[in-house]
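Student: okay, here's the prediction I keep looking at, along with the sequence it came from:
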Amino acid sequence: MKPRPVEELDPSELLRSAAARIVTVRLAELRGFAEEAMRPEESRTQHNMRIAAKRFRYLLEIFEACLGEAAKPARDAAKRVQGVLGDLHDCDLMLPKVDGIPSAAALLRERRARLHGEFVALWQAEAAKGTWASLERLL
């Protein structure tokens, strides 16, 4: 998955301003996957959302010095989203490998369903707390 471009970055722009624009684009990219990723069967979208969460998290880590502590909740939330979606993707990769072993396949499907539920609950909790909206106000 290719990242969305950040338009018209200027090397002479202040770092805080450029960071805000880059983070805004990456946050929109991450949020753009959410609705579809809530559907359990959308494994490709969930995988793409994991990649978007990773990019977003790393940007927040890189720009932490100029964004300040107020960006930490979003960074931590992105790390959790990335983690649970990564575990979910691991299930997706393993399921075809255990196709002929019904008990293992059943366990993986059960684990995947539980992880998907964790992801949905996590995303909804962060939205309800205003994690993403708080970051947008900071930017």
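Tutor: Noted; the coordinates are in hand.
Student: all helices of the protein, in order?
Tutor: 15-37, 43-62, 64-67, 72-94, 102-129, 131-138 (DSSP state H).
Student: tell me the pLDDT of the residue nearest to residue 42 when sequence neighbours are not counted.
Tutor: Sequence neighbours aside, residue 36 is the residue nearest to residue 42 in space, at 5.2 Å (criterion: Cβ to Cβ, 6 or more residues apart in numbering). Any C-beta I mention is one placed from the backbone N, CA and C, and that applies to glycine too. pLDDT for residue 36: 98.
Student: hmm, which helix or strand of this protein has the shakiest average pLDDT?
Tutor: helix 64-67 (a mean of 91; mean pLDDT, DSSP states H and E).
Student: ok, residues contacting it?
Tutor: Residues outside helix 64-67 that contact it (Cβ atoms under 8 Å, 6 or more residues apart in numbering): 15, 16, 19, 20, 23, 60, 71, 72, 75, 138, 139.
Student: determine which two of the residues you listed are furthest apart.
Tutor: 15 and 72 (18.3 Å; Cβ to Cβ).
Student: please say which of these two ends up with more neighbours.
Tutor: With neighbours defined as other Cβ atoms under 10 Å, residue 15 and residue 72 compare such that residue 72 has more, 14 against 10.
Student: how about that one, nearest residue that isn't a chain neighbour?
Tutor: residue 64 (7.7 Å).
Student: against residue 54, how distant is that neighbour?
Tutor: Distance, residue 64 to residue 54, by Cβ to Cβ, to the nearest Å: 16 Å.
Student: report the buried residues of the least confident helix or strand of the chain.
Tutor: residue 67 (16 or more other Cβ atoms under 10 Å).
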